[in-house]
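Trainee: Predicted model follows, preceded by the sequence.
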Amino acid sequence: MATRRSSFLGLPSFGGARPADGLELSPIKAIELQASRIADVVSLAQGIPSFDTPEPIKRFAAQKIAEGACAKYSLTPGLPELRELIADELEREGMRYDPDGEVIVTCGSIEAVTATLLASVEAGDEVIVVSPTYASYIPAVRLTGASPRFVALNEDANFDLDADAIEAAVNRRTRAILISNPNNPTGTIYSTAETERMLALAERHGLLVVTDEVYKDFIWTNETPGNPAKQARHRDRVVRICSFSKTYGMTGWRVGFLHTDRSRAAEILKVHDALVTCAPVVSQYAAIAALQLGGSFVEQFREEFRQRRARIIERLDALPQVFDYQKPNASYFAFPRVKDTVRLARDSRALAQDILQRAHVALVPGVAFGPTGEAHLRFCYARELADIDRAFDRLTDYFAGRAPRALSLPAGRELEAAPSEATPRTPARGRLRRAGVALLQALARLYLRRTRPRVVAIAGGRGKTVLKRTLVEMLSARLRVRSNPLSYNTDVGLPIAILEAGFDTRSGVRVAGGLLRALWNALFLPADDVLVLELGARQPGDMRALLRVVQPEMAVITELGPSYSEDQSALAAMRQEMKDLLDDLGRRGGMAAVCGDDEALSELAKPAGALRFGREDLAREGGATVLRVGGQAYPLGREIIGDSSLDALAASVLVAARLGVPEEDIRRFLAQP
């Protein structure tokens, strides 16, 4: 059907169809609406800080109301005083924008996003949207009559931008790239290198870059995030959007701003005027007070969020059979991946619904944030510590198949134990799967015989994923290292990791393509110095099956601990699996390192002469934090959150030393912030 532009705002017209016809309520708001109808719900869904707006901001706004200053519209771009304060703040951050013509005060960030898109794209255009990303971007794009084109972030690189994937998605209809940085929902930041590559391709193809940076004040790493607006040569193609909502506890005030080149700002201002005339004047005065009086409160909020981040990481670590996660380096979200062995793992919408109905915990399904968000859940840790703990207590029981603690269920209603498979297999399907697994395992053994890498196995309970990432990062400066940071806890997952092959089981054609890639890699994939693999074992016999595929030279076993409260039978089974691994290493003269904080694991490891790591390795000396491993003291600059990150550093030092990494390289790595 042919499209045309209407005379009003340039909005698209499709005959009788309207862009709004296909819109739905945001999945985040939808889950909160459902949660509001259920008694005793703990919500970690919507990204609302638990803090009230600071008192000085409220008093200043109340004073302006009393003076009669809020009864009339402001200028459409916003109060001059507020725009000048914003421009001063931008200049302190290294960006120079004229408050009179290049700064617009908006009704929060989403109005700024929508106005920018309405002013910049037309019906039939495409807007590249990285995935996963903020759910409300999608309807904003569709309101213009354009279509979102999803491009996956690089999850293996902590959800960084992938400039190559973005460029591959560009076509003659592409007009813009829309990103959030820090990212919502992943809680990660984009690197400067990938940001600059993205800007270069935007220049080549004449694309607008819209960057939403509402979480810029909550960054938990010393790494500097990429900021397109700081690149002076690209200012004519960049619109940067910020908000007072999250930084100052002002989500209800609905006030934010954007800044961009003068000519582009003039076009956006026309749409902003048509949509809202101006941002609420009382909220603009509150924003003035925030910039003048709110700095100390931001520091308080930041420290509180840092503590809550540490707590949610610890609680995710305590459910290693359920979740993998990338450490959130910004915002107040975590976006763990649900392991494939968990029921409903590949249907995050159904899983979130089931958790809400049966455990009374509200979480946002990962698919709400784009196609690559599937199999994830978003957790908001802007809530009180007590709420985080209550939610995870219930989740612990939910995934164990028990009625959640402190939750009253109707008489006669009990939670059924969740099966390990979402869909039962037919006998024919089971035979095909066994044949496919056997083929993959044979190809994995072929690859290992051909390339002979030094294999380091990661096994145990808590913190395996954190350990893998830390170890790979430490070794990569000196050695060719390969490991997929996501977990592989199934019989088929281990050979897939070895062969660096991915499978889409939705059709026979895709399965055949995956097998062909596996065969090619078995014969031609280049050799690595070190291969870091997770040997996931939960059931009796798992470890022996995995050891028939690979015989590691070294193994690190993390603290076991029950995955679910009081799950002692599972713990006993896991201990036996770890003993099988230790016995195998002992017979072959391999090195084992175990978490010494786990007394039962330490006893199992004594016959193998295993090395130990744990909390005792950390010390304070002369005001500095020091890691003592292998008789050496290493000053630490790296962040330690919970036992998992400490164990990862200590164990990585033991492995690196065994692999011959020079001590100066280890010291340099540990000293980095």
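Mentor: Great, that's in hand.
Trainee: where's the most centrally placed residue in the chain relative to Pro336, distance?
Mentor: Among the residues of the chain, the one closest to the centroid is Thr186, at 2.5 Å (Cα atoms, centre = their mean). The gap separating Thr186 from Pro336 is 10 Å, by Cβ to Cβ, to the nearest Å. In short, each C-beta sits where N, CA and C put it, glycine included.
Trainee: Thr53 now?
Mentor: From Thr53 over to Pro336 (counting by Cβ to Cβ), the distance is 31 Å.
Trainee: With Thr106 instead?
Mentor: Distance of Thr106 to Pro336, computed by Cβ to Cβ: 32 Å.
Trainee: Which one of those two is surrounded by more residues?
Mentor: Comparing Thr106 with Pro336 by neighbour count (other Cβ atoms under 10 Å), the higher total belongs to Thr106, at 28 against 21.
Trainee: Which residues are in contact with that one?
Mentor: 112, 115, 241, 255-258, 272, 276, 279 (Cβ atoms under 8 Å, 6 or more residues apart in numbering).
Trainee: which non-adjacent residue is nearest it?
Mentor: Sequence neighbours aside, Ala112 is the residue nearest to Thr106 in space, at 4.0 Å (criterion: Cβ to Cβ, 6 or more residues apart in numbering).
Trainee: Identify all contacting residues around stretch 276-289.
Mentor: Contacts of stretch 276-289 (Cβ under 8 Å, 6+ apart): 53, 56-58, 60-61, 64-65, 69-79, 81-82, 85, 105-107, 111, 244, 250, 253-255.
Trainee: Among the residues you listed, which ones are in strands?
Mentor: Applying DSSP state E to the contacts of stretch 276-289, the entries found in strands are 105-106.
Trainee: What subset of the contacts of stretch 276-289 is buried?
Mentor: Buried members of the contacts of stretch 276-289, counted by 16 or more other Cβ atoms under 10 Å: 53, 57, 60-61, 64, 69-70, 74, 76-79, 81-82, 85, 105-107, 111, 244, 250, 253-255.
Trainee: that older thread, and the furthest pair within the contacts of Thr106?
Mentor: Ile241 and Val276 (15.0 Å; Cβ to Cβ).
Trainee: Just want to know which of the two has more residues nearby.
Mentor: Legend: neighbour count by other Cβ under 10 Å for Ile241 and Val276, higher for Ile241 (27 against 15).
Trainee: What are the phi and psi values at Leu636?
Mentor: phi -110, psi 130 (degrees, to the nearest 10).
Trainee: Now for it: which residues touch it?
Mentor: Contacts of Leu636 by Cβ under 8 Å, 6+ apart are 624-627, 649, 670-671.
Trainee: can I see the domain layout of the protein?
Mentor: Domain assignment for the chain, taken from automatic domain parsing, gives 56-293, 297-396, 435-671.
Trainee: wait, Gly461 sits on Ala570?
Mentor: No: counting by Cβ atoms under 8 Å, Gly461 stays clear of Ala570, with 9.8 Å between them.
Trainee: Who has more neighbours out of those two?
Mentor: For Gly461 versus Ala570, the count of surrounding residues by other Cβ under 10 Å is larger for Gly461: 26 against 17.
Trainee: What distance do you get for the residue nearest to the more buried one when sequence neighbours are not counted to Arg302?
Mentor: Closest residue to Gly461 apart from its sequence neighbours, by Cβ to Cβ, 6+ apart: Leu560 at 4.2 Å. The gap separating Leu560 from Arg302 is 35 Å, by Cβ to Cβ.
Trainee: Noted, bye for now.
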